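# quick check, what structure comes out for this input:
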Amino acid sequence: MDHHTDLIDIVAIGLALAFVFGFLANRMKLPPLVGYLFAGIVVGPFTPGFVGDAGMATQLAEIGVMLLMFGVGLHFSLDDLLEVKTIAIPGAVAQISVATLMGLGLAWAIGWNLAEGLVFGLALSVASTVVLLRALEERRLLDSKRGKIAIGWLIVEDLAMVLTLVLLPPLGAALAGDGELDAGRIAGKLGLTLLQVAGFVAVMLVIGRRMIPWVMERSVATGSRELFTLSVLAIALGIAFGSAALFGVSFALGAFFAGMLLNESELSHKAANDSLPLRDAFAVLFFVSVGMLFDPAVVLERPLQVLATAFIILIGKSAAAYVIVRAFGHAKNTALTISASLAQIGEFSFILAGLGVSLNILPPEGRDLILAGALISIVANPLMFRLLDRWQARQLAAQAALAAQADQAAEAQASAQAAQAVVEPVEPPPGPVLQGDDHAIVIGYGQVGAPLVQLLRDRGVPVQAIEMDPDLVRRARDQGVPTIRGNAVSERVLAEAQPDKARIVVIAIPNALEAGEIVTRLRAANPQLTIFARAHSEAEAKHLIEHGADGTVMAERELAFSMAEMVMSMPPYRSWRESHA
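Numbering: from 1, shown residues only. Here you go, the predicted structure:
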């Protein structure tokens, strides 16, 4: 019997190679995204050995795009954007315009038409969400002024790309493959598309806003985690499919809107967590499929064009962002951070390039240049941040020297103040961070960590919390809890909680493997610490103890004990227990 296993082949081999190369990239201090793209190149048609089914990979990538856009909508924060709207909105629009014009210039030099140059320039103008957020998180900048501007800037770029994905298909149809811009034909197509989008948005606001929370509540009421997860995915993919089938708009817009509406629900946090593993898996397959389309020969055949593309991303776009931020009166440190953050391209660029090629308004060579530029910029971006870190460290040292001189000699105060006016202050680490010794550190502010923190605070114990989910961080700080935002596995995050001065640490996150790494780092930072961790099985408890935990608490077992105590406290069991005491 003949078995067709193309789907199994591309999923199994693609994910396996993505893990291997992603792990190697991580060990080299590079984003795992580089490894995923390289895995796609290895299984692609332009390299020897196994060649995956490109058609099958494209369909998997389409699902990946929908889930990526669903995640973007699910974490879309209008409040974050409004907080920095005076710089993020005009700055991002200006930077996108400048980068697009530079891309147009390169396309014109190559000999492409206006439409091809427009798509090429737009693809070079938008930064990678994954790379940018990781860079900011590693440097503890997510909650700083610079970090908030960068995130707001990124939100504007994402919204601009969502609009581009909506308008590009009618633009491609209006061009009809001849590259000539017919204003009347384009206006007609765009007008029809905008009417379709308006109809879709109206239906979602009137019906979807009521229907989605109702479906979520009914699925939660079943008590089945599988049904709840299935309802999240059905909403994401179903609305994406319906938007295309009924309104003729893109899958991407439908998925983005589904996530944005679900974000209004009180269940959005649970929905995000439950859908995360599948979103991550398909996102990896999306990057693998993108790598499959890349022809490495373009680096040898068009080296100057590749270098020019990389120059626009790394230098041109960054310089534009720096000038824009400085023009708005922000400090040099802020401008440099924004510039370094935007000096790469990623997932939206790949989506836009793929759509442009499929609509015949971007040549395959353009997609190859975009992919080459992405790889170069993602690899170079950490280096740019390291250079920025060193420069800022020197500035901080210079400030310290100036301050010391001012303390030593009163007559030097005027000159020290003048020097301080030249050297701009470096922002302190984002807080709030607890000051003092013998405090408790609670890692995780979820269903277990939050009540634990409140109980400790009620009993007078000073507590420093660590949490990576922005919604939970906001909730903790609103309740007056000093909370560090980030992953406690990161040495920078853990060091900020001052484990060397703490007395006890409670790890309340549900992931035992991650908790084991945290225990190891804590034990190295302070061998005298008392460390308790959360476990869900005997094997997890053993794993945590072997890594240095002093004790573990198995949630299910403690729940059973508590329920047993409740049962035995009720008549007639209470009298029975007393008679057998």
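
# contacts and neighbour counts: CA atoms only from here.
OK.

# so, low pLDDT: which residues of the stretch 301-450 of the chain?
Applying pLDDT under 70 to the stretch 301-450 of the chain picks out residues 400, 403-436.

# switch to 50 and redo it
The model of the stretch 301-450 of the chain has pLDDT under 50 over residues 416, 418-431.

# ranges for the helices of it?
303-311, 317-327, 332-341, 347-358, 364-408, 413-422, 449-458 (DSSP state H, counting those that start in this stretch).

# for the first one, which helices and strands make contact with it?
Put plainly, it is helix 303-311. Contacts defined by 3 or more Cα pairs under 8 Å, 6 or more residues apart in numbering; DSSP states H and E place helix 303-311 against helix 85-110, helix 364-408.

# one more pass at 7 Å, please.
With contacts taken as 3 or more Cα pairs under 7 Å, 6 or more residues apart in numbering; DSSP states H and E, helix 303-311 sits against helix 364-408.

# and what of the fourth one?
With contacts taken as 3+ Cα pairs under 7 Å, 6+ apart, helix 347-358 sits against helix 114-125.

# which residues sit against whichever helix or strand comes after the helix it packs on?
Downstream of helix 114-125, the next assigned helix or strand under DSSP states H and E is helix 129-138. With contacts defined as Cα atoms under 7 Å, 6 or more residues apart in numbering, helix 129-138 is touched by 31, 142, 147, 341, 486.

# just the pLDDT for Met568.
You'll see Met568 listed with a pLDDT of 65.

# ok, Glu517 next?
So Glu517 comes in at 89 (pLDDT).

# tell me the spacing between it and His536.
According to Cα to Cα, to the nearest Å, Glu517 stands 17 Å off from His536.

# cool, Met468 as well?
Taken as Cα to Cα, the span from Met468 to His536 is 21 Å.

# what does Pro90 give?
From Pro90 to His536 the distance is 49 Å (Cα to Cα).

# related to what we said a few turns ago, redo the helices of the stretch 301-450 of the chain as JSON lines? Include mean neighbour count.
As requested, the helices of the stretch 301-450 of the chain are exported to JSON lines (neighbours: other Cα atoms under 10 Å):
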{"stretch": "helix 303-311", "mean neighbour count": "19"}
{"stretch": "helix 317-327", "mean neighbour count": "21"}
{"stretch": "helix 332-341", "mean neighbour count": "23"}
{"stretch": "helix 347-358", "mean neighbour count": "22"}
{"stretch": "helix 364-408", "mean neighbour count": "18"}
{"stretch": "helix 413-422", "mean neighbour count": "13"}
{"stretch": "helix 449-458", "mean neighbour count": "16"}
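
# in CSV: the ones you listed, plus distance to Ile8.
As requested, these are exported to CSV (distance: least, Cα to Cα, whole Å):
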stretch, distance to Ile8
helix 303-311, 34
helix 317-327, 40
helix 332-341, 37
helix 347-358, 23
helix 364-408, 26
helix 413-422, 61
helix 449-458, 40
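
# separation between the residue nearest to the spatial centre of the chain and Lys85?
Central residue of the chain (Cα atoms, centre = their mean): Val130, 4.2 Å from the mean position. Using Cα to Cα, Val130 is found at 22 Å from Lys85.

# what do you get for Ala221?
Where Lys85 is concerned, Ala221 sits at a distance of 39 Å (Cα to Cα).

# now do Asn263
On the measure of Cα to Cα, Asn263 and Lys85 end up 21 Å apart.

# more neighbours, the two?
Between Asn263 and Lys85, counted using other Cα atoms under 10 Å, the more crowded position is Asn263 (20 against 17).

# for the closest residue to that one other than its chain neighbours, what are its contacts?
Closest residue to Asn263 apart from its sequence neighbours, by Cα to Cα, 6 or more residues apart in numbering: Leu74 at 5.0 Å. The contact partners of Leu74, by Cα under 7 Å, 6+ apart, come to 259-260, 262-263.

# out of these, which are inside helices?
259-260, 262 (DSSP state H).

# including pLDDT, neighbour count and distance to Ile441, could those go into JSON lines?
Converted to JSON lines, those look like this (pLDDT from 0 to 100; neighbours: other Cα atoms under 10 Å; distance: Cα to Cα, whole Å):
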{"residue": "Gly259", "pLDDT": "80", "neighbour count": "28", "distance to Ile441": "33"}
{"residue": "Met260", "pLDDT": "78", "neighbour count": "22", "distance to Ile441": "34"}
{"residue": "Leu262", "pLDDT": "75", "neighbour count": "27", "distance to Ile441": "33"}
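
# and of these, the nearest to Leu336?
Closest approach to Leu336 among the ones in helices among the contacts of Leu74 (Cα to Cα): Met260, at 31.2 Å.

# how about the nearest residue to the closest one, chain neighbours excluded?
In space, and not counting its chain neighbours, Met260 is closest to Gly73: 4.3 Å by Cα to Cα, 6+ apart.

# so the one you found is in which element?
Per DSSP H and E: helix 54-74 holds Gly73.

# just the residues contacting the following helix or strand past that helix, thanks.
Sequence order places helix 78-83 as the next helix or strand after helix 54-74, per DSSP H and E. Helix 78-83 is contacted by residues 152, 155 when judged by Cα under 7 Å, 6+ apart.

# next: stretch 455-468.
With Cα under 7 Å, 6+ apart, stretch 455-468 has contacts from 434, 439-445, 453, 473, 482-488, 497.

# make it 8 Å
The contact list for stretch 455-468 (Cα atoms under 8 Å, 6 or more residues apart in numbering) reads 433-434, 439-445, 453, 473, 481-488, 497.

# in strands, which of the residues you listed fall?
Counting by DSSP state E, these place 440-443, 483-485 in strands.

# out of those, which are buried?
440-443, 483-485 (16 or more other Cα atoms under 10 Å).

# closest to Ile351 among these?
Using Cα to Cα, these come closest to Ile351 at Arg485, 30.3 Å.

# so the closest one bridges to which residues?
Glu467 (DSSP bridges).

# pretty sure it is touching Val473, no?
Yes: in terms of Cα atoms under 8 Å, Arg485 counts as a neighbour of Val473; the distance is 6.4 Å.

# where in the chain is pLDDT low?
For the chain, the ranges with pLDDT under 50 are 1, 176-177, 179, 416, 418-431.

# using the record's domain definitions, break it down for me.
6-389, 440-575 (automatic domain parsing).

# of the ones you listed, which stretch is the most buried?
Neighbour counts (mean count of other Cα atoms under 10 Å) averaged over each of the domains of the chain peak at domain 6-389, with a mean of 20.
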